[in-house]
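*Asks:* structure for the following, please:
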Amino acid sequence: MLKILYALAEKYEGKEIFIYGIGFHAMSAFAELSYCGIDITGFVNTNKAYEQHAGKYIMNRRIVVKEELVQNDSIVVVPREISKTAIQKMLYGICVLEIDELLAPDYRLRNKKVIIYGIGQRGNEIYDLLESNGIKPAAACVSEKKQDVWKGLPVYSVDELEAAPDIVFILATKLPKYRDEMLGELEDRDAEKYIDLFLTYNDMVSGDMYQIVDKAFGERKNIFLYGNDDELFKFIEKILNRYGVNIGGRIYEKGNPDKKIESIYELIYKELDNTAVIVAEWDRERSKAVCDQLSEIGFCIQKHNYTSIYPKALRYKKGFQVKTDCLLGYSPYVDERFPGYVVYGDAKKDDLKIMVLGGSTSTDGYYQSIGWPYFFWKKFQQQKEVTVYNGAMMGHDVVQELLKLLRDIAYIRPDVVISMGGLNNVNVKKDTDNQFCVKEVMQWITAMAPKERYISGVKGDECTYEFWHRNLKVMKAVVESYGAKFFGFLQPMNVAKDNPSLFDILTTGEDNEDFWVFRERAGKESDPAYRNLISLFDQETEMYIDYCHYSEKANEVLADSVFKTVITNMKENLE
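*Replies:* Below you'll find the predicted structure:
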């Protein structure tokens, strides 16, 4: 049986555990705590924009308002992206904790025979962690034995250890490769196996497994679990059972009648509109490949009828590499001719040259959907020979767009520059001490010299919208100084909408007021340096494949909108 080393701290046993919020950060907290074996009581909503959803259920757990919390019995856990201090003021008298304050090494290990599997650096760290929490390891084991004693404990090879009812293994590694090898060595042992890391935080934030499961459960769909009846499969199945979600069937690459597992291709004969699939596959690339198989069978990512423990929106075979960029942190890479760009067209001398800048929603080749810049290029090809230099990159905001423009415009010499952004200036810049800082460069500085003070420039009090718009105007001035045309667009966003569905909130919503400011200010701007597309998809369905990235259907609509705007203002260049 697979378990996570960190569990509910002993002093909080018997308490009702609520998660603050009902947005996707709250769902990432739900995922993290559920993996740690914690049974969540419910969700606390204080956002008036979402108050119509009070009393509804998420994963069979009720959404409550603060008045329903009991002072001595309730604990509210704050997602990692939200300030604990702010929530404490809002929920005065209620115990509010950060996730790490709620968790501790599983205290039940004190009464078990603990074997640390692995005696390298992580083994040393696990040993010290257990000792500091009153847990006494009984022995250590290794795959290949080279010594008899470690830290005063006997060392055994895996084969030397006899089975015992109270024996448990703690796998002392954070590397998936070694974890899988260790689990393979222990495959035939009916013992608890503890790991200290299940998924990265980024995986949980970007993933949507529980949102899709909740949607499928609410729609009474038949839920299939993809896996080979291994430790991971049983781990996920147990969590789902805890929340009353029953698995309707088991599937894998090849069927296994003895384990009641069907082949994945048997899904072809199922009623797909009434079916949802969860992919429980350890190997990240293999998981993406299975998602591709589901798409081939007829499942549709924008219909949200399949999911994975990893973010499913990523493409199995990437269209570009991600490489370190000394100015921007990182950039897309295809070849040395145009490093930092994915190029559509032949880059001929007489081609109309168009540069595209933006974040992940403007990339093409990294996510499952074909990006809007590709559809835009195909449309433009019908009018004139054109080459599109797509410099968009996941996480890039207006600062990185501006820096990239300043660095590369003199060499690419585009006739048109398109910026499609806005969202990342809320997501990326909210935690930096100066909005003009490149987050990745700051991380490099603090990693190399953690105790050194650094200069980040004169600090202002602009909101993220004002900062984004001001720098968009700078980009426009730079582009026009080179004799080119600039088209800025405020990208479509699935946040801060009027009357959002609960599923919309679970997958995209959060309590960051800056998103509401973008919507409000964009609708009132008298002289914008952009075209406002923020609400382009608000009344449409099947436009998003996850919390913010667009489906192919949406990308075609977006490409058409951008094309019409550009073509209207480029008549003299097309004659």
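*Asks:* got the buried residues for stretch 102-109?
*Replies:* Buried residues in stretch 102-109, counting neighbours by 16 or more other CB atoms under 10 Å, are found at 102-107, 109. Backbone N, C-alpha and C define where each C-beta goes, glycine included.
*Asks:* equivalent analysis for stretch 167-184, please.
*Replies:* In stretch 167-184, counting by 16+ other CB under 10 Å, buried: 167-173, 178-180, 182-183.
*Asks:* filter those residues down to the ones in strands?
*Replies:* Applying DSSP state E to the buried residues of stretch 167-184, the entries found in strands are 167-171.
*Asks:* got TSV for these, with distance to Pro414 and pLDDT too?
*Replies:* Converted to TSV, these look like this (distance: CB to CB, whole Å; pLDDT from 0 to 100):
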residue	distance to Pro414	pLDDT
Ile167	65	91
Val168	61	94
Phe169	58	95
Ile170	56	96
Leu171	52	96
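*Asks:* nearest to Val70 among these?
*Replies:* Checking those against Val70 with CB to CB, the nearest one is Val168 at 34.5 Å.
*Asks:* now that closest one. Nearest residue, chain neighbours left out?
*Replies:* In space, Val168 comes closest to Glu192 once its chain neighbours are excluded; the distance is 4.3 Å by CB to CB, 6 or more residues apart in numbering.
*Asks:* can you pull the contacts of that neighbour?
*Replies:* Residues near Glu192 by CB atoms under 8 Å, 6 or more residues apart in numbering: 1, 3, 112, 168-169.
*Asks:* quick check: the farthest pair among those?
*Replies:* Maximum pairwise distance among these (CB to CB): 12.5 Å, between Met1 and Lys112.
*Asks:* ok so, going back, out of the buried residues of stretch 167-184, which is nearest to Val334?
*Replies:* Nearest to Val334 among those is Asp180, at 31.6 Å by CB to CB.
*Asks:* please report how far the closest one lies from Lys221.
*Replies:* Separation of Asp180 from Lys221 (CB to CB, to the nearest Å) stands at 31 Å.
*Asks:* just Val417 next, same as before
*Replies:* 45 Å.
*Asks:* ok, now Gln368?
*Replies:* Gln368 is 21 Å from Lys221, where distance means CB to CB.
*Asks:* how about the residue nearest the centre of the chain, what does it touch?
*Replies:* Centroid check for the chain by CA atoms, centre = their mean gives Ser206 as the closest residue, at 1.2 Å. Neighbour list for Ser206: 311, 313, 546-547 [criterion: CB under 8 Å, 6+ apart].
*Asks:* dump the residues you listed to CSV, plus distance to Ser83, secondary structure and neighbour count.
*Replies:* As requested, the contacts of Ser206 are exported to CSV (distance: CB to CB, whole Å; DSSP: H, G, I helix; E, B strand; the rest coil; neighbours: other CB atoms under 10 Å):
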residue, distance to Ser83, secondary structure, neighbour count
Pro311, 25, coil, 24
Ala313, 28, coil, 24
Asp546, 25, coil, 26
Tyr547, 21, coil, 24
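*Asks:* more neighbours: which of Val417 and Lys221?
*Replies:* Counted by other CB atoms under 10 Å, Val417 and Lys221 do not tie: Val417 has more neighbours, with 27 against 20.
*Asks:* that one touches Ala484, doesn't it?
*Replies:* Yes. Contact status for Val417 versus Ala484: in contact at 5.9 Å, counting by CB atoms under 8 Å.
*Asks:* joint contacts of the two?
*Replies:* Contact criterion CB under 8 Å, 6+ apart; residues shared by Val417 and Ala484: Ile409.
*Asks:* quick one on the thing from earlier: what's the farthest-apart pair in the buried residues of stretch 102-109?
*Replies:* By the measure CB to CB, Leu102 and Leu109 form the most distant pair in these, at 17.5 Å.
*Asks:* chain neighbours aside, what residue packs nearest to Leu244?
*Replies:* For residue 244 the amino acid is Gly, not Leu. Counting by CB to CB, 6+ apart, Gly244 lies nearest to Asn60, which is 4.6 Å off, once chain neighbours are set aside.
*Asks:* what separation is there between that neighbour and Pro79?
*Replies:* Asn60 sits at a distance of 20 Å from Pro79 (criterion: CB to CB).
*Asks:* of those two, which one has the most company?
*Replies:* Each of Asn60 and Pro79 has its neighbours counted (other CB under 10 Å); Pro79 has more, 24 against 14.
*Asks:* which residues does the more buried one contact?
*Replies:* 19-21, 25-26, 28-29, 99.
*Asks:* for those, pick the one with the most neighbours.
*Replies:* Gly21 (28 neighbours).
*Asks:* from what I can see that one touches Asn45, true?
*Replies:* Yes. With contact defined as CB under 8 Å, Gly21 reaches Asn45; the gap is 6.9 Å.
*Asks:* check whether Leu406 sits in a helix, strand or coil.
*Replies:* helix (DSSP: H, G, I helix; E, B strand; the rest coil).
*Asks:* not counting its neighbours along the chain, what's nearest it?
*Replies:* Counting by CB to CB, 6+ apart, Leu406 lies nearest to Val478, which is 6.5 Å off, once chain neighbours are set aside.
*Asks:* my read: the one you found touches Leu403, true?
*Replies:* No. With contacts counted by CB under 8 Å, Val478 stays clear of Leu403, the gap being 10.8 Å.
*Asks:* my guess is Ile94 contacts Asn72. True?
*Replies:* No. Judged on CB under 8 Å, Ile94 makes no contact with Asn72 at a distance of 9.6 Å.
*Asks:* got the phi and psi for Trp150?
*Replies:* Here is the backbone geometry of Trp150 (degrees, to the nearest 10): phi -150, psi 120.
*Asks:* okay, it: pLDDT?
*Replies:* Per-residue confidence (pLDDT) for Trp150: 95.
*Asks:* what do you get for Asn573?
*Replies:* Asn573 is assigned a predicted lDDT (pLDDT) of 62.
*Asks:* where along the stretch 101-250 of the chain do the strands fall?
*Replies:* Under the criterion DSSP state E, counting those that start in this stretch, strands of the stretch 101-250 of the chain are mapped to 103-105, 113-117, 139-142, 149-150, 153-157, 167-171, 192-195, 222-226, 249-252.
*Asks:* now render those strands as JSON lines, adding distance to Lys234.
*Replies:* What follows is these, written out as JSON lines (distance: least, CB to CB, whole Å):
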{"stretch": "strand 103-105", "distance to Lys234": "22"}
{"stretch": "strand 113-117", "distance to Lys234": "19"}
{"stretch": "strand 139-142", "distance to Lys234": "22"}
{"stretch": "strand 149-150", "distance to Lys234": "31"}
{"stretch": "strand 153-157", "distance to Lys234": "26"}
{"stretch": "strand 167-171", "distance to Lys234": "16"}
{"stretch": "strand 192-195", "distance to Lys234": "11"}
{"stretch": "strand 222-226", "distance to Lys234": "10"}
{"stretch": "strand 249-252", "distance to Lys234": "11"}
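*Asks:* residue contacts, Lys193?
*Replies:* Taking CB under 8 Å, 6+ apart, we find Lys193 in contact with 1-3, 168-169, 171, 182-183, 186, 231.
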